[in-house]
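Participant: need the 3D shape of this:
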Amino acid sequence: MGWAIALHGGAGAIPHDMPASTRQQAQDALQECLQVGVTALQSSRSALDVVELVVRELENNPIFNAGKGSVLTTAGTVEMDACIMDGVTRKCGSVSGLSTVVNPISLARL
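Facilitator: Numbering: from 1, shown residues only. A predicted model of the protein is given here:
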């Protein structure tokens, strides 16, 4: 059986007037995240490991609405959420309202 990866750069619409250079940065960063996942899968990492690795890449990149790039609340603070599920065991973990954790996905996986 083969594998596939689907990822996106966060919630919200991409403005039509976004500068081409900014759009290209986002596309390049998504390609880098995708390559992290492909490399991990080719190295026989578990699907759960791959999900965490790719989401961490998104969280670490300020371009995306995750982690460093989180949209601020109306109070001007960061509140992050994350959830992850193992499709084999159907075990899942989630976190909500985080403001001091660097990678919420890793905490959710615990």
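
Participant: give me the pLDDT value at residue 12.
Facilitator: Per-residue confidence at residue 12 stands at 68 (pLDDT).

Participant: determine the longest helix present in this structure.
Facilitator: Using DSSP state H to assign secondary structure, the helix with the most residues in the chain is helix 20-42.

Participant: what packs against the helix or strand following that one?
Facilitator: In the C-terminal direction, the helix or strand that comes right after helix 20-42 (DSSP states H and E) is helix 47-59. Other helices and strands packing on helix 47-59, by 3 or more C-beta pairs under 8 Å, 6 or more residues apart in numbering; DSSP states H and E, are helix 20-42, strand 80-85, helix 104-109. The C-beta positions use only the backbone N, C-alpha and C, and glycine is treated the same way.

Participant: what sits up against helix 47-59?
Facilitator: Helix 47-59 has contacts (C-beta atoms under 8 Å, 6 or more residues apart in numbering) with 3, 5, 7, 9-10, 32-34, 36-37, 40-41, 45, 64, 66-68, 82, 84, 86-87, 102-106, 109.

Participant: quick one: mean pLDDT for that helix?
Facilitator: When the per-residue pLDDT values of helix 47-59 are averaged, the result is 95.

Participant: show me which residues of it are buried.
Facilitator: 48, 50-59 (16 or more other C-beta atoms under 10 Å).
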